[in-house]
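Chemist: build the 3D model from these lines:
(2 chains)
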Amino acid sequence: MSKNSEFVKFDKVDKSYDGKVLVVKDLNLDISEGEFITMLGPSGSGKTTCLMMLAGFETPTNGEIYLDSNPISNIPPHKRGIGMVFQNYALFPHMTVYENLAFPLKVRKVSKDEIDKKVDKALSMVSLTGFENRMPGQLSGGQQQRVAVARALVFDPAVVLMDEPLGALDKNLRESMQYEIKHIHESIGVTVVYVTHDQGEALTMSNRIAVFNDGKVQQLSSPDKLYEEPVNSFVAEFIGENNTFQGEVSDISNGKCKVKLKEGEIVANPINVKAKGDKTTVSIRPERALINPSQKMDNNYKGKIEEVIYHGDHTRVRLNVLGNPEFILKVPNSSQNIDIKLGNTINISWNSTDARALDPK
Amino acid sequence: MSSETKQILTTDGIPLEVSLKKAEKKNKIKAFLLVAPLLLFLIITYIFPIGEMLFRSVDDRMVTNMLPKTFKAMEKWDGKELPPEEVFEAFYLDYKFLVEKKTFGKLATQLNYEKNGFKSILKKLQRKMKKFEQGNYKEQIMNVHKRWANVEYWRAIKRRAPDITYSKYLKAMDMYENEDGKISQVSEDRRVHRILWLRTLEIAFFVTILCFLMAYPIAHLLATLPMKYSNLLMICVLLPFWTSLLVRTASWMILLQQQGIVNDFFVWIGLVGEENRPEMMYNKTGTYVAMTQILLPFMVLPLYSVMKTISPSLMRAGKSLGGTPFVAFWKVYFPLTIPGIGAGCLLVFILAIGYYITPALVGGASGTLISNQIAFHMKSTLDWSFASAMGLMLLTGVLVIYWIYNKLVGVDNIKLG
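Modeler: Take a look at the predicted model:
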């Protein structure tokens, strides 16, 4: 059976709450069956609104959403058969864990034996067997979270929506829950639409990530592509760390371009620049710039060390390069002894393919 | 596990418990001194009056003290026939003493509570007594009025002999202790109190239900509307609170009277004819309408404070899991509002059961409650012990309701804010 690559489809969706500002602008997004897709973006970027429209709690102002090729704008939430995990879990505080999980089955008039079986299965999936008779208030945050996930999955929905489900957990728990959710997704193959503003979460869990800003999808691609090949300066800025130079294209040829800065000139990879004279932001990942590299690179400069911060596994070095005093380097803490001291001047190099000339900020 | 618990010592070797108590003592005294004024205030204004009321409702020493000789002489009388000469003589002496002290009026009032008709014959006796001769008081007294020859009246006096009586409680239940000491009901046409009790319960019950039905949607709106609308609505709910109770009741009188605005409106839209405007005041309808309006905020506020804490995502969760809006409401939202419903209903019911001003003004004859009867005895008949007895019965009723509520819902589940 071939998987439907347009299992969920947003088709030219606009959304406005007050008739003045568009929260979501002309959204076109296809989600294929069994995919784990993350909507990532700063708050107010429209990602949660998209999720709410898919769940049925908001209606699109324009356009249509399709679920398995059926338009769903006029279907009320309870008939959509979409599971949802809420930001604050939204467990029913007056029901036991069992009753919480049985709720979606009971309203579907599933028989008692079947309910028992499914609740058992769902609880063992999130390793909470034996917690049936606890009240949600007696569970820790992580356990509540797992109950919420189990409840969203127990009635075998085609799509599960998760709205920043790990936001309230502490860091360690959040990381272990990320893996847990990822494994559950892999084992049952349900389509997951996940909303978060935490890029680390998005990168570890997703098949594809849609980066939202200003009501628009800025880039939709796999995590590695998103990090390695951001298509515009917002994505480069939002995902991971990044060193930027503002400048003007002075020459463009053979898939390379020269960018003139206030001080000096660098060779870069033209992504969003077309012609000579275009303003641009050049973005370089901190780990792509190396100190005294062994092989030859086409960008070589000197920088003065302004600040050294010890991070355990690596050291962050702030340099002043080409008039940019905020240039960050990540140096792995290995036995290799480089003379990193405040005030020293060192040689740094990078390949022009890693210096992406994007749109100006 | 060893059953022995090892005593833990502080570094100075003093047992930890002792040390802790010592350390806490100062704070405890401070805390007590802080609450002491309120405690004193409560004792003086609350505990003491209730105790006083309890005492007054059963206290019957007044008559006992006024007729000491009579009751002593009556000890030997079996109450079947007219009392012997000694009783009459003792009564004459007691009464003469009271007449000289000019406190005989009180006796007349007290005895009249016991049996109607005492007042006039005591007055007559007081007038005729001046000409009494020594000896044979029985005949002389019986000649004053024929009722003095009626054994019933003497039995009535004897019934007032004990220091403590529960006759007021019986009276409040339309019962009395008859000549043989049996508890029996008063004749049917005089059973006023039981009707009042039942009416009080009925009105309090239905007012609570009406308040609940109206307050629930209001509170829900208040909790879910955006700030700018909900503030306005909140002011509308609270506005009656800031208006005097009398003004509100009076405005209902203006609205509900037969030539009032509501009736005018009904006639204008052709609901009723000009000739037969319905009576909406001085009956139960008036009491229901006015009391529901006045007690509504007491239901809205506890409900609102509970609903405010219910996350809107719970209803969404209910819907997204497949529940219709009704199922989501009934299975998820409604159970979570029960603490507020309990608090609101208890508050409104307890307030309604003792409501006084509104039924007095708009209730008329068929819309007055037991509290109006209590007030009547406090102000008009001055039978304070009877009023106290009814007041205590009301208080007991409230406590019983509270107890039942506690058994059913649990007091911990009440949320007032």
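Chemist: quick check: closest non-adjacent residue to residue 352.
Modeler: No chain was given, so I picked chain A. Residue nearest to A:Ser352 in three dimensions, not counting chain neighbours: A:Val267, with 4.1 Å by C-beta to C-beta, 6 or more residues apart in numbering or on different chains. (C-beta placed from N, C-alpha, C; glycine too.)
Chemist: wait, chain B was what I had in mind.
Modeler: On the basis of C-beta to C-beta, 6+ apart, the spatially nearest residue to B:Ala352 that is not a chain neighbour turns out to be B:Ala204, at 3.8 Å.
Chemist: name the residues that touch stretch A:147-154?
Modeler: The contact list for stretch A:147-154 (C-beta atoms under 8 Å, 6 or more residues apart in numbering or on different chains) reads A:83-86, A:89-91, A:97, A:100-101, A:103-105, A:118-119, A:121-123, A:125-126, A:128, A:131, A:136, A:139, A:160-162, A:165, A:181, A:184, A:188, A:190, B:321.
Chemist: please apply the same query to stretch B:349-366.
Modeler: B:200-201, B:203-205, B:207-208, B:245-246, B:249-250, B:252-253, B:256, B:281-284, B:286-287, B:289-291, B:294-295, B:298, B:367-369, B:371-372, B:375, B:394, B:397-398, B:401-402.
Chemist: try stretch B:39-53
Modeler: By C-beta under 8 Å, 6+ apart, the residues outside stretch B:39-53 that reach it are B:388, B:391-392, B:395.
Chemist: which one of those residues sits closest to chain A?
Modeler: Among the contacts of stretch B:39-53, B:Leu395 lies closest to chain A (C-beta to the nearest C-beta), at 33.5 Å.
Chemist: burial of the closest one, as a residue count?
Modeler: 14 (other C-beta atoms under 10 Å in any protein chain shown).
Chemist: what about the residue lying closest to it once chain neighbours are set aside, how many neighbours?
Modeler: Distances taken as C-beta to C-beta, 6+ apart place B:Ile50 nearest to B:Leu395, at 7.3 Å, with adjacent residues excluded. Counted with other C-beta under 10 Å, residues neighbouring B:Ile50 total 14.
Chemist: tell me how far B:Ile50 lies from B:Ser57.
Modeler: 11 Å (C-beta to C-beta, to the nearest Å).
Chemist: again with A:Ala90
Modeler: For A:Ala90 relative to B:Ser57 (C-beta to C-beta), the value is 55 Å.
Chemist: counting neighbours, go ahead and name the busier of the two.
Modeler: More crowded of A:Ala90 and B:Ser57, by other C-beta under 10 Å: A:Ala90, with 27 against 22.
Chemist: where does chain B dip in pLDDT?
Modeler: Within chain B, the segments meeting pLDDT under 70 span B:1-6, B:179-181, B:411-417.
Chemist: show me the domain layout of it.
Modeler: B:61-163, B:193-413 (automatic domain parsing).
Chemist: what residues does chain A have near chain B?
Modeler: A:55-57, A:76-84, A:86-88, A:90-94, A:103-104, A:107-108, A:151-152, A:155, A:161 (C-beta under 8 Å from any C-beta of the partner chain).
Chemist: may I see the ChimeraX selection of the buried members of those?
Modeler: Buried subset of those, written as a ChimeraX selection, criterion 16 or more other C-beta atoms under 10 Å in any protein chain shown:
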select /A:55,56,57,77,78,80,81,82,83,84,86,87,88,90,91,92,93,94,103,104,107,151,152,155,161
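Chemist: could you tell me which of the residues of chain A next to chain B belong to helices?
Modeler: Here DSSP state H is the test, and the residues of chain A next to chain B give A:55, A:103-104, A:151-152 as lying in helices.
Chemist: roughly how far does the residue in the stretch 201-350 of chain A that chain B sits nearest to sit from A:Gly142?
Modeler: In the stretch 201-350 of chain A, the residue that lies nearest chain B is A:Glu201 (20.0 Å; C-beta to the nearest C-beta). Taking C-beta to C-beta as the measure, A:Glu201 falls 15 Å from A:Gly142.
Chemist: A:Glu263 now?
Modeler: Per C-beta to C-beta, A:Glu263 is found 51 Å from A:Gly142.
Chemist: what do you get for A:Leu67?
Modeler: As judged by C-beta to C-beta, A:Leu67 and A:Gly142 stand 31 Å apart.
Chemist: same question for B:Pro217.
Modeler: Using C-beta to C-beta, we find B:Pro217 at a distance of 38 Å from A:Gly142.
Chemist: these two: who's more crowded?
Modeler: The residue with more neighbours, out of B:Pro217 and A:Gly142, is A:Gly142; 18 against 10, by other C-beta under 10 Å.
Chemist: pull the longest helix from the chain.
Modeler: You didn't pick a chain, so chain A it is. helix A:171-188.
Chemist: was after chain B, sorry
Modeler: Ranked by residue count and defined by DSSP H, the top helix of chain B is helix B:193-224.
Chemist: can you name every helix or strand that that one contacts?
Modeler: Under the contact criterion of 3 or more C-beta pairs under 8 Å, 6 or more residues apart in numbering or on different chains; DSSP states H and E, helix B:193-224 touches helix B:227-238, helix B:284-308, helix B:334-353, helix B:370-376.
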